[in-house]
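Engineer: Whatever this is, show me its structure:
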Amino acid sequence: MKIYNFNKESGKEITKFGSRFVMSRISQTASSVHIGVMYLESDGIIGYHQAVTDQLLLIVTGEGWVRGEGEELFKVSTGDAVFWSKDEWHETTTEKGLTAIAIEGDLDPNLFLKEKGEKHPNDELDRTI
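Structural biologist: Residues are numbered from 1 along each chain as shown. As a prediction, this is how the structure comes out:
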């Protein structure tokens, strides 16, 4: 399991075409992906299960706890992105509720996201629109 950030601070200011916004790129894929929104209410849980494919969970609002195959829990909140590889066992829980976008498919979050705790993003990649 890896935890990334996709918050505003990890993005890049876009000014092309007279634009004025910050964009945090997430991923890029040449294959089919499934994208959905998950709404977990108070004491919600996505039960412990094995990933059928690579999965990227983007925490949009709220906070909770995630774990991979081990017992250790990791706190996540708005702006965090959690990646589980195909076949990896995992679980997500929340006490207060959270909303997340789930992206499932052949993914490589390392293309655009920086792992939480890293000091510098990979600025060598083209991060424009």
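Engineer: residue ranges with poor pLDDT in this structure?
Structural biologist: Judged against pLDDT under 70, the low-scoring parts of the chain cover residues 21, 23, 118-129.
Engineer: Kindly provide the distance from His90 to Ser24.
Structural biologist: 23 Å (CB to CB, to the nearest Å). C-betas here are computed from N, CA, C, even on glycine.
Engineer: tell me the centre residue of the protein?
Structural biologist: Centroid-nearest residue in the chain, with CA atoms, centre = their mean: Ala81, separated by 2.2 Å.
Engineer: Would you mind listing the buried residues in the host helix or strand of that residue?
Structural biologist: Assessed by DSSP states H and E, Ala81 sits inside strand 80-84. When burial is assessed from 16 or more other CB atoms under 10 Å, strand 80-84 yields the following buried residues: 80-84.
Engineer: Can you lay out the residues you listed as a markdown table showing distance to Glu41?
Structural biologist: As requested, these are arranged in a markdown table below (distance: CB to CB, whole Å):
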| residue | distance to Glu41 |
| --- | --- |
| Asp80 | 19 |
| Ala81 | 21 |
| Val82 | 19 |
| Phe83 | 24 |
| Trp84 | 22 |
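Engineer: Pick the one among these closest to Phe74.
Structural biologist: Each of these was scored against Phe74 by CB to CB, and Val82 proved nearest at 8.0 Å.
Engineer: Wait, that closest one touches Arg67, no?
Structural biologist: No - under the criterion of CB atoms under 8 Å, Val82 lies out of contact with Arg67, with a separation of 9.8 Å.
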